[in-house]
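# Sequence plus predicted model, see below.
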2 protein chains.
Amino acid sequence: MTKQQASILRVIQASPFHMTADEIYLAAKAEMPKLGIATVYRNLSSLCGEGIIRKIEIPGGPDRYDRNTKPHDHMVCTRCGEMLDCSVELEDFLNRIEAGGAKVTGYHLQVSCICSRCLAKEDASA
Amino acid sequence: MTKQQASILRVIQASPFHMTADEIYLAAKAEMPKLGIATVYRNLSSLCGEGIIRKIEIPGGPDRYDRNTKPHDHMVCTRCGEMLDCSVELEDFLNRIEAGGAKVTGYHLQVSCICSRCLAKEDASA
DNA sequence: TCAAGAATGATAATCGTTCTCGAAAAAAGA
DNA sequence: TCTTTTTTCGAGAACGATTATCATTCTTGA
């Protein structure tokens, strides 16, 4: 593992958030000023390939990277934009698809929601 | 509805597939050679806004447009690339999320699979 | 018929990402 | 250690999908 890759990984491991490539780039560049964006993408891609981090592809926005590699789903609040992990699991759904004859190799679910915090805020102001 | 919009809509209604903006552009341009790509995007966007067609946003690929506006999910075969409609529904899953306190305003699910046709082909050749 | 507003089409701009390529660094041989 | 080979880097160009800009061309209604 190169210095660059170590730095990129450290940034991701240190953050509880789902960071974009650009956010990771800026954070890693802070401790390694000559770092290039291409290097960030290259290393994110190989870290994903090795299963060390996980890429979350978001329609209409930049990809995000997650230190939690265990498959799980995400929810994006349409009010505050925060991305939350989704606690409920999809297994039943996927099982039913496989019962239909296809083999599921992966999936991506993104739920848009108004998170409980924003809902509470709206209730308070109404 | 302008001639352009009518032509774009006709192309979508006529196809059982989920077409990209570019495919729609090429098909509509065949009957209207001066058509511009910007007009296609503009009209796709307003047709979506009116609920006449549905946009399917695909991570890592161009958006696709579906004449079927009823919310439903999609499956992409990782072998042949075909996009299939998903028959099983997600309601239980979404209900459980709402039980957790957030209000679901929408979702996007894409399942990667090997479709039954490709599986059969592989079994045959093995 | 003319003016006001809307929609068009060509093209530029944008954004996230990937590609290219010479330079630098690391690893492997002798 | 001193080359040689391989890998990775970093800067910037290129890319693909989409959106913005803007002058021109329709509509439409007074």
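Yep, it's here.
# And the next helix or strand past the helix or strand residue A:74 falls within?
Assigned by DSSP states H and E, residue A:74 falls within strand A:73-77. Later in the chain than strand A:73-77, the nearest helix or strand by DSSP H and E is strand A:83-86.
# Kindly check the end-to-end length of stretch A:42-62 for me.
The straight-line separation of the ends of stretch A:42-62 (Cα to Cα, to the nearest Å) is 16 Å.
# Briefly note if it comes near chain B.
Yes - judged by Cβ under 8 Å from any Cβ of the partner chain, stretch A:42-62 comes into contact with chain B through A:57, A:58, A:59, A:60. For every residue, glycine as well, the C-beta is placed using N, CA and C.
# filter these to the buried ones?
A:57, A:58, A:59 (16 or more other Cβ atoms under 10 Å in any protein chain shown).
# so which of those would you say is closest to DNA strand D?
Taking Cβ to the nearest atom of the strand as the measure, DNA strand D lies nearest residue A:59 of those, at 8.9 Å.
# can you tell me the average pLDDT over the strand holding residue A:74?
Averaging pLDDT along strand A:73-77 yields 70.
# How about stretch A:47-66?
89.
# which other residues reach that stretch?
Contact with stretch A:47-66 is made by A:5, A:8-9, A:12, A:18-22, A:24, A:44, A:67-69, A:74, A:76, A:83, A:108, A:110, B:57-60, B:63, B:108, as judged by Cβ atoms under 8 Å, 6 or more residues apart in numbering or on different chains.
# Outline the domain layout of chain A.
By the assignment in automatic domain parsing, chain A contains the domains A:3-66, A:73-125.
# quick one, which of these is nearest to DNA strand D?
Judging these by Cβ to the nearest atom of the strand, what sits closest to DNA strand D is domain A:3-66, at 2.7 Å.
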